[in-house]
Structure formats: C-alpha cells, structure tokens
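J.: Just to be clear, the model below is a prediction. Sequence and coordinates:
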Amino acid sequence: MSSGKVLLGVLAGVAAGALIGILFAPEKGSVTRKRIAEKGEDYADSLKDKFNDFVDHVSDKFDEVKDQVTKHADKVKANAEEAL
C-alpha cells in the first residue's frame, strides 16, 4: 500500500473521529456547527501546508536532478569535442 493512501486514510479517520466527537458533544446546534466549521478550516489549512511542503520538496529534487543532468551533459559534450 502506498504511503499516500495510508496518509489519506489516517486523515480521513482523524476527520471522522473529530466530527463524531463534536456531533455527540452536549452543545447547542449553533455552537456545534461553529466548531465543525473551525475544525474543517484547521484541517484544510494543515493539508494545504503539507501539500505546499510536498511541492517545495519535489521542486527542490527536480532542480537537483536538472543540475546533475546539465553537468553530465557538459562533460559528455567536452569529451566529444576532445575526441574530434
């Protein structure tokens, strides 16, 4: 099972548990709805931050690979020019 699916399952479980906990809390409906909205915003912000971190990590790795390929291509070009 991929780590993405595991992470998604964990996040879904946490969200479902929080929602059930809030729904069974002895609060007024308006307070409960407000708490649900706040938790949803918190989870959305957290997920957005994690996604941005992931994109930054992938971008950094892409830049590293691009630099390595460029260096290797320059070496091959230099060797080819020497051979000619």
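T.: Now that the structure is in, tell me what you want to look at.

J.: helix, strand or coil for Lys48?
T.: Secondary structure, DSSP: H, G, I helix; E, B strand; the rest coil: Lys48 is helix.

J.: what about it, distance to Glu41?
T.: 10 Å (CB to CB, to the nearest Å). (Glycine included, C-beta is placed from N, CA and C.)

J.: Likewise for Asp67?
T.: With CB to CB as the criterion, Asp67 and Glu41 are 39 Å apart.

J.: Spell out for me which residue occupies the centre of this structure.
T.: Phe51 (2.8 Å; CA atoms, centre = their mean).

J.: From the contact counts, what lies against the helix or strand containing that one?
T.: Element membership for Phe51, per DSSP states H and E: helix 29-83. In terms of contacts (3 or more CB pairs under 8 Å, 6 or more residues apart in numbering; DSSP states H and E), helix 29-83 is packed against helix 3-23.

J.: Can I get the helix it packs on in PDB, CA atoms only?
T.: Output of helix 3-23 as PDB, limited to C-alpha atoms (Å, rounded to 0.1, in the frame of the first residue of the first chain):
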ATOM      1  CA  SER A   3       2.200   6.000   1.700                       C
ATOM      2  CA  GLY A   4      -0.200   8.400   0.100                       C
ATOM      3  CA  LYS A   5      -3.100   6.000   0.600                       C
ATOM      4  CA  VAL A   6      -2.100   5.500   4.200                       C
ATOM      5  CA  LEU A   7      -1.800   9.200   4.800                       C
ATOM      6  CA  LEU A   8      -5.200   9.800   3.200                       C
ATOM      7  CA  GLY A   9      -6.800   7.000   5.300                       C
ATOM      8  CA  VAL A  10      -5.300   8.500   8.500                       C
ATOM      9  CA  LEU A  11      -6.500  11.900   7.700                       C
ATOM     10  CA  ALA A  12     -10.000  10.600   6.900                       C
ATOM     11  CA  GLY A  13     -10.100   8.700  10.200                       C
ATOM     12  CA  VAL A  14      -9.000  11.700  12.200                       C
ATOM     13  CA  ALA A  15     -11.600  13.900  10.500                       C
ATOM     14  CA  ALA A  16     -14.300  11.300  11.000                       C
ATOM     15  CA  GLY A  17     -13.400  10.900  14.700                       C
ATOM     16  CA  ALA A  18     -13.300  14.600  15.300                       C
ATOM     17  CA  LEU A  19     -16.700  15.100  13.600                       C
ATOM     18  CA  ILE A  20     -18.300  12.300  15.500                       C
ATOM     19  CA  GLY A  21     -16.900  13.600  18.800                       C
ATOM     20  CA  ILE A  22     -18.300  17.100  18.100                       C
ATOM     21  CA  LEU A  23     -21.700  15.800  17.000                       C
END
